[in-house]
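1. One predicted model, sequence on top.
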Amino acid sequence: MILLWGSNARETHPIFFHHLLKGVRCGAELYVVDPRRTSSARWAKLWLGLDVGSDISLANAVGREIIAAGLVNEKFIRHATSGFEAYKAHVEKYTLERAERETGVPAEAIRKMAHAYAGAPRAQICWTLGITEHHNAVDNVVALINLALLTGHIGRYGSGVNPLRGQNNVQGGGDMGAIPDRLTGFQHVENDALRANFEKAWGVKIQPKRGWHLSDMFEAMEHGQLTTLYVLGENPADSEADRHRALKLLGGLEFLLAQDLFYTRTAELADVVLPAAAGAFESEGTVTSSERRVQRVRRTVPPPAGVRDDLEIIFDLARRLGHDWGTPDPEAIWNDLRSLSPMHAGMSYRRLEDMGGIQWPCYDESHPGEMFLHGRLWSDPLIGPRAPFSVVEFEPPVDQLDEQYPIRLTTGRRLDDYNTGVQTREYSSPLRRKETLDISPEEGQHFRLREGEKVRVTSRRGSLVAPVRFDSALRPGLAFLSVHAQDQVATNELTIDAVDPKSGTSEFKATAIRIEKV
């Protein structure tokens with residue numbers, strides 16, 4: 001059983017979706033939870049079209065039904081988890097009837113999905129930004145993890161929790177320490193013993209406190225605490241929620257440096273732009289996939305004239321700032337990382353090449369790498385800490401609907417484009433069409449609109465004009481815009497920067513709007 005929750009993988013992770021369909025053709029049942037009846041749902045046994053932002057209510061009701069039906073994996077819960085009794089008491093109030101009121105999903109559909117998931121010999125939950133781009137993103141995720149712990153669908157072949165990464169090497173970025181409170185290998189910067197290893201190896205003192213995540217940085221810009229920004233391979237001018245605020249704050253910095261292979265909207269605002277090589281084929285190094293597999297990347301073509309590898313740029317900057325790190329050597333840098341990150345210790349370049357990649361953790365050069373990240377939960381005796389159940393409460397979206405803003409706008413990607421479009425918009429595609437505001441045919445009839453006719457879309461933050469397109473995957477009261485074509489339709493003029501305090505993620509998925517015929 002495959003539970004695709006808040007992910008239109010057919011369009012946003014098409015290669016992964018081919019693998020998913022192999023499972024369906026071999027007999028796996030696909031259940032899809034999504035406000036839109038997406039193209040992914042065409043292969044589903046059941047589509048649960050929940051109201052935007054009601055995921056926790058649905059997940060808690062599924063958990064309650066699994067408990068009430070006696071479908072929990074009691075042996076696994078006793079052996080490997082903690083906090084079950086508190087969770088059980090908490091979800092008792094999330095009846096199927098309550099969930100139907102709060103989510104819009106029929107109680108019988110919720111019951112069917114709960115029994116299918118708990119009763120399957122193997123089951124996995126896959127999710128993406130439909131879960132995480134909310135003001136309670138972390139709570140949404142742990143609500144799904146609770147279901148895996150209830151049933152033991154974790155750490156075993158064919159069973160697990162699977163956050164589908166949005167870009168190549170997102171996992172690798174986190175592994176390398178691109179997280180505000182972590183050093184390489186997810187080692188906590190506030191842990192004195194762990195931090196001391198890095199200080200000794202690098203000969204520097206590291207601040208013993210967590211840094212800012214992206215939303216914190218914009219908050220710091222607003223209060224004059226952050227005046228200089230170095231942006232590598234990102235385009236926050238187009239990707240941040242509440243684009244008015246983002247452009248104002250980026251434009252108000254004392255100094256902005258952009259390092260990129262494209263001249264982005266952010267680069268247009270920058271004081272200095274450093275043209276960088278393409279990591280996929282003009283650089284040497286490693287990437288890490290969603291399955292934690294570290295693989296080698298090799299330069300296949302030289303960068304164009306005037307363009308330099310990211311490592312060369314960073315090493316040269318360090319030298320000009322008074323720190324000579326020598327000549328940038330990707331393998332030497334990787335070996336330095338292996339000496340400090342136990343989960344990468346056994347991954348020499350030679351082994352990565354011989355084995356076609358290795359999954360971390362890999363503790364020494366005789367270790368094959370761990371196929372299942374949470375396989376330890378099945379060890380007897382248990383290895384490491386117990387996996388905790390989390391008590392999370394349903395909260396509606398911050399940007400609430402009312403008479404003035406009665407329609408819910410949700411955002412996402414389309415198959416033929418990517419993020420803010422800088423990597424894809426210059427290429428022609430037979431699939432691509434101009435950006436539209438997608439609404440249900442019933443909504444179009446209500447507003448007396450023709451397809452292609454322009455409407456003014458207004459939220460509590462901004463307004464724009466866009467042509468409409470009728471999409472039968474949408475119900476009345478729900479609209480959709482992609483984030484790819486800010487030059488055509490500046491979607492982020494509308495979205496809200498309500499931020500999840502735990503992850504720093506903005507609530508891109510739940511904006512209140514009104515539509516007016518132009």
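-> Okay, I see it.
2. Could you use CA atoms for every contact and neighbour count after this?
-> Fine.
3. so where's the stretch 101-250 of the chain uncertain?
-> Across the stretch 101-250 of the chain, nothing is flagged by pLDDT under 70.
4. What is the burial count for the spatially closest residue to residue 96 that is not a sequence neighbour?
-> Distances taken as Cα to Cα, 6 or more residues apart in numbering place residue 107 nearest to residue 96, at 5.1 Å, with adjacent residues excluded. Using other Cα atoms under 10 Å, residue 107 has 18 neighbouring residues.
5. Next one: the nearest residue to residue 261 once chain neighbours are set aside relative to residue 320, how far apart?
-> Excluding its sequence neighbours, the residue lying closest to residue 261 (Cα to Cα, 6+ apart) is residue 276, at 4.9 Å. Residue 276 is 18 Å from residue 320, where distance means Cα to Cα, to the nearest Å.
6. For those two, indicate the residue with more neighbours.
-> Here residue 276 and residue 320 are compared on neighbour count by other Cα under 10 Å; more neighbours surround residue 276, at 25 against 10.
7. in the sheet, who's paired with the more buried one?
-> residue 308 (DSSP bridges).
8. isn't it right next to residue 305, touching?
-> No: Residue 276 lies out of contact with residue 305 (Cα atoms under 8 Å); the separation is 10.8 Å.
9. and the gap between residue 283 and residue 166?
-> Where residue 166 is concerned, residue 283 sits at a distance of 21 Å (Cα to Cα).
10. So between these two, which is more surrounded?
-> residue 283 (22 against 15).
11. any low-confidence regions in the stretch 251-400 of the chain?
-> For the stretch 251-400 of the chain (pLDDT under 70), the answer is none.
12. which residues of the stretch 201-350 of the chain fall in helices?
-> 214-222, 236-239, 243-251, 265-269, 310-320, 330-340, 349-355 (DSSP state H, counting those that start in this stretch).
13. which of those helices sits most buried?
-> Neighbour counts averaged per stretch over those are highest for helix 236-239, at a mean of 23; criterion: mean count of other Cα atoms under 10 Å.
14. Just the C-alphas of it, formatted as CSV.
-> Extracted as CSV, the C-alpha positions of helix 236-239 are listed here (Å, rounded to 0.1, in the frame of the first residue of the first chain):
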residue,chain,number,x,y,z
PRO,A,236,14.7,34.4,-2.9
ALA,A,237,13.6,37.5,-4.8
ASP,A,238,11.1,35.2,-6.6
SER,A,239,10.8,32.2,-4.3
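15. helices or strands up against that helix?
-> helix 243-251, helix 265-269 (3 or more Cα pairs under 8 Å, 6 or more residues apart in numbering; DSSP states H and E).
16. Out of these, which gets nearest to residue 497?
-> Taking Cα to Cα, helix 243-251 is the member of the helices and strands packed on helix 236-239 nearest to residue 497, at 9.1 Å.
17. Could you name the helices and strands sitting against the closest one?
-> By 3+ Cα pairs under 8 Å, 6+ apart, helix 243-251 packs against helix 214-222, helix 236-239.
18. Taking helix 214-222 as reference, get the angle to it.
-> With axes from the mean of the first three to the mean of the last three Cα atoms, to 10 degrees applied, the angle from helix 243-251 to helix 214-222 works out at 60 degrees.
19. Return the distance of helix 243-251 from the chain's centre.
-> Centroid separation between helix 243-251 and its chain, computed with Cα atoms, centre = their mean, to the nearest Å, is 23 Å.
20. What of stretch 481-490?
-> 19 Å.
21. sorry, back to before: any chance of a markdown table for the helices of the stretch 201-350 of the chain, columns distance to residue 42?
-> Listed next are the helices of the stretch 201-350 of the chain as a markdown table, based on distance: least, Cα to Cα, whole Å:
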| stretch | distance to residue 42 |
| --- | --- |
| helix 214-222 | 36 |
| helix 236-239 | 30 |
| helix 243-251 | 34 |
| helix 265-269 | 37 |
| helix 310-320 | 42 |
| helix 330-340 | 44 |
| helix 349-355 | 37 |
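22. what about residue 507, how many residues close to it?
-> Per other Cα under 10 Å, the neighbour tally for residue 507 reads 29.
23. what's the closest of the helices and strands packed on helix 236-239 to residue 405?
-> helix 243-251 (19.3 Å).
24. what sits up against the closest one?
-> 218, 221, 222, 236, 237, 240, 256, 269, 492, 493, 494, 495 (Cα atoms under 8 Å, 6 or more residues apart in numbering).
25. Show me which of those residues is closest to residue 182.
-> Scanning the contacts of helix 243-251 for proximity to residue 182, where the rule is Cα to Cα, the winner is residue 218, at 20.1 Å.
26. Would you enumerate the residues in contact with that closest one?
-> So residue 218 contacts 246, 249 (Cα under 8 Å, 6+ apart).
27. these two touch, right, residue 300 and residue 284?
-> No: assessed by Cα under 8 Å, residue 300 is found out of contact with residue 284, at 9.1 Å.
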